[in-house]
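> Fold the following and give me the result.
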Amino acid sequence: MTHEIDAIRTLLTSKPRPVGWGERRARIDEVGSVWPVAGDTALEPVDLGGVPGEFSLAPGSDASHGLLFFHGGGYCSGSIASHRRMVTEAGRAARMRTLAVGYRLAPEHPFPAAHEDALKAWRYLRATGIAAEHISVGGDSAGGNLTICLINRLRAAGEAVPACAWLASPWTDLTMSGGSLVTKDAVDPLIHKPYLEELAAAYAGAADRRDPLISPLFADLKNFPPVLIQVGSAETLLDDAVRFARAAGLADVAVTLEVWPHMIHAWPMWNAKLADGRRALEQAGAFMQRWCRRAAG
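Have a look, this model is predicted:
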């Protein structure tokens with residue numbers, strides 16, 4: 001229903017874009033926390049070896065299966081708080097425990113700090129006794145990038161990988177070569193190329209942005225686990241999702257690409273007041289359940 005997404009657009013554009021990093025972080029926490037977590041969800045803060053984390057468990061969920069979640073925010077903002085509603089409802093839909101990760105942010109902590117924290121979180125979750133084939137890894141925007149890169153690091157090290165990956169509006173190409181950055185600029189209320197350039201510079205610094213650990217669009221995806229990619233048609237990052245799906249398909253990966261009409265960047269964050277946000281999480285949850293069971297079976 002377009003009136004619901006129009007209301008979310010109004011919320012997101014009701015104030016000018018903040019300028020400083022502190023103000024930007026406060027703003028995403030503010031809009032992400034407009035609708036609180038459901039009262040029946042249990043939250044548990046946890047120290048992931050120096051990295052902040054938070055477990056969540058909705059009624060009826062299986063604590064022996066887990067969703068490891070990395071928030072978006074361009075590697076420079078976003079937090080456990082900003083994405084709490086999204087990750088807890090994703091866990092409810094997937095019927096599994098979630099672990100949200102407060103990885104370090106750029107520019108104070110540029111690449112590869114977030115990767116180091118992601119590995120710590122993965123190893124912490126594994127050390128709780130959850131088998132790799134019972135774990136889904138997911139994230140939105142830069143969190144989708146981090147999801148792919150974590151799995152690629154595990155593959156390169158010959159370690160066990162999760163059962164599947166869930167990517168919501170993933171930012172896969174920090175070289176910004178996708179055509180939709182131009183063709184969707186007028187309809188995307190949030191993400192524009194100059195803003196992405198600023199984020200990429202803060203995160204990658206002088207590193208080569210075509211490095212597959214910075215822009216996983218350019219990675220070798222052979223033997224990557226099954227992946228669900230969800231993206232809105234009103235996103236400048238549409239091509240980041242579509243081209244990654246193509247690359248995965250060419251590498252014989254089991255890939256599902258969903259393009260949601262009229263949806264904006266990371267729309268499942270607004271699931272409390274957006275039916276398409278709830279439906280996207282339901283479909284992601286069903287995907288994670290299916291592949292965790294299949295891998296375990």
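
> burial of the closest residue in space to Arg278 that isn't next to it in sequence, as a residue count?
Distances taken as Cβ to Cβ, 6 or more residues apart in numbering place Asn271 nearest to Arg278, at 4.8 Å, with adjacent residues excluded. C-beta: built from backbone N, CA, C; applies to glycine. Using other Cβ atoms under 10 Å, Asn271 has 22 neighbouring residues.

> I figured Asn271 was touching Val87, is that so?
No. If you go by Cβ atoms under 8 Å, Asn271 and Val87 don't touch, sitting 10.7 Å apart.

> The spatially closest residue to Gly178 that is not a sequence neighbour: what's it in contact with?
Closest residue in space to Gly178, ignoring its immediate chain neighbours: Asp239 at 3.1 Å, by Cβ to Cβ, 6+ apart. Going by Cβ atoms under 8 Å, 6 or more residues apart in numbering, Asp239 touches Asp173, Gly178, Gly179, Ser180, Leu181.

> so how far is Gly53 from Asp239?
Look at Asp239 and Gly53: by Cβ to Cβ, to the nearest Å, they are 32 Å apart.

> Report the rounded mean pLDDT for the longest strand along the chain.
Assignment by DSSP state E gives strand 62-70 as the longest strand of the chain. The pLDDT scores in strand 62-70 average 97.

> likewise stretch 9-25?
Taken as a whole, stretch 9-25 carries a mean pLDDT of 91.

> now swap in stretch 251-267 and tell me
Mean predicted confidence for stretch 251-267 is 98.

> Flag the shaky bits of the stretch 1-150 of the chain, pLDDT-wise.
1 (pLDDT under 70).

> one step back: name the SS class of the residue nearest to Arg278, please.
Assigned state for Asn271: helix (three-state reduction, DSSP: H, G, I helix; E, B strand; the rest coil).

> Could you do Arg27 as well?
Classified using three-state DSSP, Arg27 is helix.

> what's the nearest residue to it if we skip its chain neighbours?
Pro18 (4.9 Å).

> tell me which element that neighbour is part of?
Using DSSP states H and E, Pro18 sits within no helix or strand.

> swap in the one 4 residues further on?
For Gly22, the host element (DSSP H and E) is helix 21-32.

> What would that helix look like as PDB? C-alpha coordinates only.
What follows is helix 21-32, C-alpha atoms only, in PDB (Å, rounded to 0.1, in the frame of the first residue of the first chain):
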ATOM      1  CA  TRP A  21      28.900  12.000  12.300                       C
ATOM      2  CA  GLY A  22      27.500  12.300  15.800                       C
ATOM      3  CA  GLU A  23      24.400  14.000  14.600                       C
ATOM      4  CA  ARG A  24      23.900  11.400  11.900                       C
ATOM      5  CA  ARG A  25      24.200   8.600  14.300                       C
ATOM      6  CA  ALA A  26      21.700  10.200  16.700                       C
ATOM      7  CA  ARG A  27      19.300  10.700  13.800                       C
ATOM      8  CA  ILE A  28      19.300   7.000  12.600                       C
ATOM      9  CA  ASP A  29      18.900   5.900  16.200                       C
ATOM     10  CA  GLU A  30      16.000   8.300  16.600                       C
ATOM     11  CA  VAL A  31      14.000   7.200  13.500                       C
ATOM     12  CA  GLY A  32      14.900   3.600  14.000                       C
END
